[in-house]
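Undergrad: Have a look; sequence and predicted model below, questions after that.
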Amino acid sequence: MALLYVVVVSLVLLTVIILRLFGILRHGSEYKPGQKGSVSVLVVAGSGGHTTEIVRLMGSLSQSYNPRHYVIADTDKMSEEKIRTFEAEREKSGLPSQFTILRIPRSREVRQSWSSSVLSSLSALMSSVPLVFRLQPDMVLCNGPGTCVPLCAAGLLLGILGLKRVLIVYVESICRVETLSLSGKILYYFSDYFFVQWAPLKDKYPKAIYLGRLV
């Protein structure tokens, strides 16, 4: 009897979560953060080219996107310097430079086996949830690094629990011409705005927004 009760309660909770998530995704485009002020944005920076692209993208955004919380993997040795250089240049040009740089465990290393990546992804998720809940950003902006998946999941969880609506904006990397990255294939279904930079991807993924090259 107790087992049946647990199963029923679990099914009810799962149904509520699914319906809540469906409602969030269905009405995602209606949510406009920062209509009355600045937009707090959590920026996911990957290593190498991902960070270069996301920094260029941040440079094209208005000063309303402030504060900016950059999240990088704990094994990333190069991204922090690029971010600090970018923010220093903003400050020199007279733009507000309110930002933080935070680290979480990397979800998956290059060539890491799928079996071991499950544990590392769970570790990243466990770090992402308290981080996102503490920052409560208006928007999560990412462009493909594996680190972005647990952070976006944490942002969605905020909405599911009714604590805050977080906009998920995904910009697929410029190097992805005909196929999406693994992160893109996952977040295609959960992002509010999904941008691609090549027309062939728009043909394959109708939900995607194609505006040409963005970075």
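TA: Perfect, I can see it now. Numbering: from 1, shown residues only.
Undergrad: neighbours of Tyr189, just the number please.
TA: 9 (other Cβ atoms under 10 Å). In short, each C-beta sits where N, CA and C put it, glycine included.
Undergrad: For it, give its distance to Ala208.
TA: For Tyr189, the distance to Ala208 equals 12 Å [Cβ to Cβ, to the nearest Å].
Undergrad: Tell me the confidence at the residue nearest to Leu167 when sequence neighbours are not counted?
TA: Closest residue to Leu167 apart from its sequence neighbours, by Cβ to Cβ, 6 or more residues apart in numbering: Met139 at 4.3 Å. Note on Met139: pLDDT of 97.
Undergrad: The biggest strand by length in the chain - which strands sit beside it in the sheet, and in what orientation?
TA: As assigned by DSSP state E, the longest strand anywhere in the chain is strand 65-73. Next to strand 65-73 in the sheet, as set by DSSP bridges, lie strand 39-44 (parallel), strand 99-104 (parallel).
Undergrad: Could you pull up the mean pLDDT of it?
TA: 95.
Undergrad: Mind giving me the packing neighbours of the following helix or strand past it?
TA: Downstream of strand 65-73, the next assigned helix or strand under DSSP states H and E is helix 79-92. Applying 3 or more Cβ pairs under 8 Å, 6 or more residues apart in numbering; DSSP states H and E, one finds that helix 79-92 contacts helix 49-59, strand 65-73, strand 99-104.
Undergrad: Where does the prediction get shaky in the chain?
TA: Scanning the chain for pLDDT under 70 picks out the ranges 1-36, 108-116.
Undergrad: residue ranges for the strands of it, please.
TA: 39-44, 65-73, 99-104, 139-142, 167-171, 193-196, 209-210.
Undergrad: nearest to Leu158, of the ones you listed?
TA: For the strands of the chain, the distance to Leu158 is smallest for strand 139-142, at 10.0 Å, taking Cβ to Cβ.
Undergrad: Need the contact partners of the closest one.
TA: Contact partners of strand 139-142, identified using Cβ atoms under 8 Å, 6 or more residues apart in numbering, comprise 33, 39-44, 54, 57-58, 65, 132, 148, 151-152, 155, 166-171, 183, 187.
Undergrad: Good, we can wrap up now.
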